[in-house]
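A.B. asks: below are the sequence and a predicted model for it; my questions follow.
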Amino acid sequence: MITSHFSRILISIVALLATIQITINGQTTIEWPNLPLLSIETIEGQDPTATKVYPPEGAAGESIISNYVPGRLVITQKGNGVYDSGDYVKGESGIRIKIRGNTSGANKIQKPYKLKLSKKADLLNISKDLKSKNWALLSLNVWNTALKNEESGILPLVGLSVCRALDFPWTPKTRLVNVLLNGNYKGVYHLIETVERADNRIVTDKTGFVIENDAYWWKPGEVYFKTDKQHYYMGYTFKYPDSDDLTQEQLSSISRYMNTVEDAIFKNDGSAANYIDYESFARWILAHDILGSSDAAGSNMFLYKEELDENNPTGSKLKMATLWDFDTSFKCADSEWSNQHILSIFYYPQLFKDQAFVEKYLELYNAYKDKVYGCVKNDFDALKTDCGEAVTQSMELHRNVYEDECMNTLDEQIEEALSHLKARMKSLETLTAELSKETSIDGVASMGNKMVKRVNIYGMDYTNVNEKELPQNIYIEQYADGTVKKIYR
């Protein structure tokens, strides 16, 4: 009773704060805009911290280690209490918060966060069916050289809208919010559902699994396995079972199964269709081709199997889950496939040698090609109607803290994203017309044929770098006649 009474008082206080003027960086600003306001107070006011970690020889990237800090979360909107986690009591109330991400967690000034609730709740205030303990706060801006001022705060909204337009079984729901941490304004964030096995997210039974083809498998404390034909930069890590609960027997069983799947894919005799859901795999890569994504290794490749019975390995098929990381959307030229499509970081170069897979991809493309742009545009029209003014006001507050961010207005960002999307959809008309004729990317460039682009496996452009000066890596070179060559340096 006392705790409940205190919670009501705290919500009233925060609600009052939400209606008065605030001060950021010494400047008096307008009252809180009409977006959800997340106020997080940790025990003893301790902000989460992170330590950078670096890969061993033969691996790539950089990441972080961050420990959870316990605290309390209150959500209000225009003076109305929306949610209160209560003070932190393990397993009963409160939250824990830590810095999340890999390169984003290591390098962004506005840190992304992982939220772990003691009790399930729908922080988006949409439906009781969306309750979960696991949520994320993604940094607003991403840095993308294909865009005006090399920045955008809406690429996650574009990517998730494309996934909804393509009818993914589950696409994370998200909202733009303002965040206070221990009384300090941290800016605008994407509050979003995280990738996890759950009845309202990725559905499997207790024998199934959710794994990631992960460039950061090497992080300290990570449980992982590698398969025989997997790219040496990559390893499989676990979303389900949880690493703490995973038995050696389960690890071995899942590893054996994935090697069996790989063998079928690389045989290129059609047997892969017995193990993987071609429609699911085709839908995933079509989304990236529409978005023109360039970061193949860092694109968060989540796979799941609804049930695993080694005596009946084809009882359910391996599927691709939602897309997640959209930072490099539109970085591939409009005349090119996404790097996920052509690079050997994952199975797609092999799958596109399989005529049945190509046919499934083209079938999906033809079914959705006239729908995607309109769906995304409608989503942004709805966003502007629902909270466009509040988002604009919040971006102004955000820029008071991060002066190099939110240089482009919301309208400018939306117009630019839609322009890129329209160009990508137009280019796919040509690319898909050629796809039915050629199912392999392992062509050899003809003599004297000009090389027009060279990227490494992470999508970094090395087109104008002398071959003798290339860092050690794997590169994909595209030539004027449309052929593609893989080279090693």
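C.D. replies: Sure thing, it's come through. Numbering: from 1, shown residues only.
A.B. asks: how far away is residue 475 from residue 214?
C.D. replies: 22 Å (Cβ to Cβ, to the nearest Å). Glycine gets a C-beta too; all of them are placed from N, C-alpha and C.
A.B. asks: the two - which one has more neighbours?
C.D. replies: Neighbour totals were compared for residue 475 and residue 214, and residue 214 leads with 24 against 20 (other Cβ atoms under 10 Å).
A.B. asks: how near is the closest residue to that one other than its chain neighbours to residue 197?
C.D. replies: Leaving aside its sequence neighbours, residue 214 sits nearest to residue 237 (Cβ to Cβ, 6 or more residues apart in numbering; 4.4 Å). Distance, residue 237 to residue 197, by Cβ to Cβ: 14 Å.
A.B. asks: please apply the same query to residue 288.
C.D. replies: 23 Å.
A.B. asks: what segments of the stretch 151-300 of the chain are strands?
C.D. replies: Taking DSSP state E, counting those that start in this stretch, the strands of the stretch 151-300 of the chain run over residues 151-152, 174-181, 184-193, 209-214, 224-225, 235-240.
A.B. asks: same check on the stretch 301-450 of the chain?
C.D. replies: Ranges of strands in the stretch 301-450 of the chain, per DSSP E, counting those that start in this stretch, are 301-305, 319-320.
A.B. asks: output these in CSV; the columns should cover distance to residue 130, mean pLDDT and mean neighbour count.
C.D. replies: Putting the strands of the stretch 301-450 of the chain into CSV (distance: least, Cβ to Cβ, whole Å; pLDDT from 0 to 100; neighbours: other Cβ atoms under 10 Å) gives the following:
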stretch, distance to residue 130, mean pLDDT, mean neighbour count
strand 301-305, 19, 98, 23
strand 319-320, 21, 98, 21
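A.B. asks: give me phi/psi at the spatially closest residue to residue 88 that is not a sequence neighbour?
C.D. replies: Spatial nearest neighbour of residue 88, excluding adjacent residues (Cβ to Cβ, 6+ apart): residue 94 at 2.9 Å. Main-chain torsions, residue 94, degrees, to the nearest 10: phi 80, psi -170.
A.B. asks: so what's residue 94 up against?
C.D. replies: Counting by Cβ atoms under 8 Å, 6 or more residues apart in numbering, residue 94 touches 70-73, 85-88, 118.
A.B. asks: any idea how far it lies from residue 35?
C.D. replies: 23 Å.
A.B. asks: would you mind pulling the contact partners of stretch 170-177?
C.D. replies: Under Cβ under 8 Å, 6+ apart, the answer for stretch 170-177 is 35-38, 124, 126, 130, 137-138, 140, 156-157, 160, 163-164, 188-195, 200-203, 321-322, 324, 387, 391, 394.
A.B. asks: sort out for me which of those are in helices.
C.D. replies: Counting by DSSP state H, the contacts of stretch 170-177 place 156-157, 160, 163-164, 387, 391, 394 in helices.
A.B. asks: circling back: dump the strands of the stretch 151-300 of the chain into TSV; add distance to residue 264 and mean pLDDT as well.
C.D. replies: Shown next, in TSV, are these (distance: least, Cβ to Cβ, whole Å; pLDDT from 0 to 100):
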stretch	distance to residue 264	mean pLDDT
strand 151-152	39	96
strand 174-181	36	98
strand 184-193	32	98
strand 209-214	17	98
strand 224-225	18	98
strand 235-240	17	97
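A.B. asks: quick one: which of these is nearest residue 251?
C.D. replies: Closest to residue 251 of these, according to Cβ to Cβ: strand 224-225, at 6.2 Å.
A.B. asks: identify the residue nearest residue 78 in space, chain neighbours excluded?
C.D. replies: Distances taken as Cβ to Cβ, 6+ apart place residue 34 nearest to residue 78, at 5.1 Å, with adjacent residues excluded.
A.B. asks: actually residue 345, sorry about that
C.D. replies: Once flanking residues are discounted, residue 345 sits nearest to residue 296: 4.4 Å by Cβ to Cβ, 6+ apart.
A.B. asks: that neighbour reaches residue 337, doesn't it?
C.D. replies: No - contact criterion Cβ atoms under 8 Å: residue 296 and residue 337 do not qualify, at 10.8 Å.
A.B. asks: and the closest residue in space to residue 368 that isn't next to it in sequence, how many neighbours does it have?
C.D. replies: Nearest residue to residue 368, sequence neighbours excluded (Cβ to Cβ, 6+ apart): residue 166, at 5.6 Å. Using other Cβ under 10 Å, residue 166 is surrounded by 22 other residues.
A.B. asks: roughly how far does residue 166 sit from residue 84?
C.D. replies: 37 Å.
A.B. asks: next one: residue 328
C.D. replies: 38 Å.
A.B. asks: so between these two, which is more surrounded?
C.D. replies: Shown here are residue 328 and residue 84; by other Cβ under 10 Å, residue 328 has more neighbours (26 against 22).
A.B. asks: test my guess that the more buried one contacts residue 296.
C.D. replies: No - with contact defined as Cβ under 8 Å, residue 328 does not reach residue 296; the gap is 9.1 Å.
A.B. asks: got any residues that touch both of those two?
C.D. replies: Both residue 328 and residue 296 are contacted by residue 459, under the criterion Cβ under 8 Å, 6+ apart.
A.B. asks: out of the strands of the stretch 151-300 of the chain, nearest to residue 305?
C.D. replies: Of the strands of the stretch 151-300 of the chain, nearest to residue 305 by Cβ to Cβ is strand 209-214, at 5.7 Å.
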